[in-house]
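**Student:** Just a sequence and a predicted model for now, questions to come.
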Amino acid sequence: MAPTATTTIVVATPLEERADKWCTLWGSSDNVNCRSGTSTSYNVVRIIHNGERFGVRCTRRGQTISGNDVWDYIPGWGCYVSAHYTNDGCESGVPAC
């Protein structure tokens, strides 16, 4: 009997099933700057609008904003946003960068 060929199908994994966690900007009536590093001295890469959703890959400590020194890294935009402005539970289960 001759050997048979097999085909392997690779399915792309959506954002929700990868390491990124969905978070939302909230608690500010203004837009918030997403920066190239973990303080307000870094360049603004993108402006995030109140209620906007984004994927967070990891967290890093940085400048304290209103008592919170955690910053969330958003790989899709290549920038950090202060966790002070993200929804409750956003950082839960997210590893350090």
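**Tutor:** Looks like it came in fine. Residues are numbered from 1 along each chain as shown.

**Student:** isn't there a strand covering residue 37?
**Tutor:** No - using DSSP: H, G, I helix; E, B strand; the rest coil, the assignment for residue 37 is coil, not a strand.

**Student:** now it: how far from residue 83?
**Tutor:** 15 Å (CB to CB, to the nearest Å). Just so you know, the C-beta spots here come from the backbone N, C-alpha and C atoms, and that holds for glycine as well.

**Student:** neighbour count winner among those two?
**Tutor:** residue 83 (21 against 15; other CB atoms under 10 Å).

**Student:** Enumerate every residue touching the more buried one.
**Tutor:** 59, 68, 70-72, 90-91 (CB atoms under 8 Å, 6 or more residues apart in numbering).

**Student:** Show me what the residue most central in space within the chain bridges to in the sheet.
**Tutor:** The residue lying closest to the centre of the chain (CA atoms, centre = their mean) is residue 56, at 1.8 Å. Residue 56 has these beta-bridge partners by DSSP bridges: residue 21.

**Student:** and what of residue 48?
**Tutor:** residue 32.

**Student:** same question, residue 61
**Tutor:** According to DSSP bridges, beta-bridge pairing links residue 61 with residue 70.

**Student:** ok now do it, which residues does it touch?
**Tutor:** 38, 69-71.

**Student:** All the strands of the protein, in order from the start?
**Tutor:** Assigned by DSSP state E, the chain shows strands spanning 21-24, 32-35, 44-48, 53-56, 58-65, 68-74, 79-82.

**Student:** Mind checking the ones you listed for the one nearest to residue 97?
**Tutor:** Nearest to residue 97, of all those, is strand 58-65, at 3.9 Å by CB to CB.

**Student:** That closest one: which residues count as buried?
**Tutor:** 58-59, 62, 65 (16 or more other CB atoms under 10 Å).
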